[in-house]
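Participant: Fold the following.
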Amino acid sequence: MDVESAFDTDIPVLPITSLDAVDHCLREVQLFPSGKEHQRAMQMLAEARFGEDGRGQLLVGVKKLLSMAEMARQDPDPAYKLVSSLSREVS
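Facilitator: Numbering: from 1, shown residues only. Next up is the predicted model:
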């Protein structure tokens, strides 16, 4: 058995479908430097009201969310960048 094949495994993970799951994920990767910034992002996501009034249902893969979080980390306003990226992904 060669070493490369030992690391070639796919693990199926259900997509994220709730703001609670997004909240948990963002806390784990420590995207925001302060709790206040984290709360601001979560408030903006709540105001987006995914799945209501014809808006897209929140359904995003974990890998995609982690990628968005890393892109947002490099932005001067990571909360806004993350929310706008998620909104585009869901719409």
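Participant: Output the below-cut-off pLDDT ranges for the chain.
Facilitator: By pLDDT under 70, the weakly predicted segments of the chain are 1-6, 51-55, 91.
Participant: Which element, helix or strand, includes the spatially most central residue of it?
Facilitator: Closest to where the C-alpha atoms of the chain average out (Cα atoms, centre = their mean) is Leu65, at 3.3 Å. Using DSSP states H and E, Leu65 sits within helix 62-73.
Participant: repeat for Gln57
Facilitator: Using DSSP H and E, no helix or strand contains Gln57.
Participant: same thing with Arg88?
Facilitator: Assigned by DSSP H and E, Arg88 belongs to helix 78-90.
Participant: Please state the offset of that helix from the chain centre?
Facilitator: 8 Å (Cα atoms, centre = their mean, to the nearest Å).
Participant: tell me which residues of that helix are tucked away?
Facilitator: Pro78, Ala79, Lys81, Leu82, Val83, Ser84, Ser85, Leu86 (16 or more other Cβ atoms under 10 Å). For glycine as for every other residue, the C-beta is placed from the backbone atoms N, C-alpha and C.
Participant: Stretch 64-75 now?
Facilitator: Leu65, Met68, Ala69, Ala72.
Participant: Then stretch 17-34?
Facilitator: Ala21, Val22, Asp23, Cys25, Leu26, Leu31, Phe32.
Participant: what does that stretch rub up against?
Facilitator: By Cβ atoms under 8 Å, 6 or more residues apart in numbering, the list of residues contacting stretch 17-34 from outside reads 16, 38, 41-42, 45-46, 50, 57-60, 62, 65-66, 69-70, 72-73, 78-79, 82, 86.
Participant: could you redo the last one with a cut-off of 6 Å?
Facilitator: Outside stretch 17-34, the residues that touch it by Cβ atoms under 6 Å, 6 or more residues apart in numbering are Ile16, His38, Met42, Leu45, Leu58, Leu59, Leu65, Ala69, Arg73.
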